[in-house]
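Engineer: Sequence and predicted structure below; questions after.
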Protein chains: 2
Amino acid sequence: MSEEQRNRTNVDIYGQQYTIVGTESTSQIRFVCSKVDDKMREIKSMNPSLDTGKLAVLTAVNAVNDYIKLKERFEELEREIKRLKG
Amino acid sequence: MSEEQRNRTNVDIYGQQYTIVGTESTSQIRFVCSKVDDKMREIKSMNPSLDTGKLAVLTAVNAVNDYIKLKERFEELEREIKRLKG
């Protein structure tokens, strides 16, 4: 059980309506969704023949790839901090 | 112009075939795509009525949200390292 507040936010991503439910603020959710919308448009411009479903999957692939690469750099910094703190 | 090698990797994500082109290794691309597939199945299990396109969009929303939150923690670590190095 959690007492964290769950916000419901209506957003438009690539012309479709979604209701996002989560503990993030509405402004954070809107910011994240605008990034997804931007990325879908960017990938579409490079691959005009993609249908929306495949476009969304490739957007997810890009985002997860970015996350994993940042996670590696994050872990390097954690190791550096440990080293600096002796 | 770039001399970085671009790999073409065929993957299956949520029952669809994709050819991913990028500078990451084939094993990295396969790892990322298996994460996307897992996440789609996890979100589907919580929202059984979602169609594949919306499911993929929500997977991208989750991944971008995770990225942005990790980015904030990454920047905190960078500030801490700067402080530790005086």
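Structural biologist: Received the coordinates, thanks.

Engineer: Residue A:85 contacts residue B:84, doesn't it?
Structural biologist: Yes - between residue A:85 and residue B:84 there is a contact at 6.9 Å, judged by Cβ atoms under 8 Å. For every residue, glycine as well, the C-beta is placed using N, CA and C.

Engineer: which of these two has more neighbours?
Structural biologist: Each of residue A:85 and residue B:84 has its neighbours counted (other Cβ atoms under 10 Å in any protein chain shown); residue B:84 has more, 12 against 8.

Engineer: Give the full set of residues in contact with that one.
Structural biologist: Neighbouring residues of residue B:84 by Cβ atoms under 8 Å, 6 or more residues apart in numbering or on different chains: A:81, A:84-85.

Engineer: and with 10 Å instead?
Structural biologist: A:80-81, A:83-85 (Cβ atoms under 10 Å, 6 or more residues apart in numbering or on different chains).

Engineer: How confident was the prediction at it?
Structural biologist: In this model, residue B:84 is scored at 93, pLDDT.

Engineer: phi, psi of it?
Structural biologist: Dihedral angles of residue B:84 (phi, psi; degrees, to the nearest 10) stand at phi -60, psi -30.
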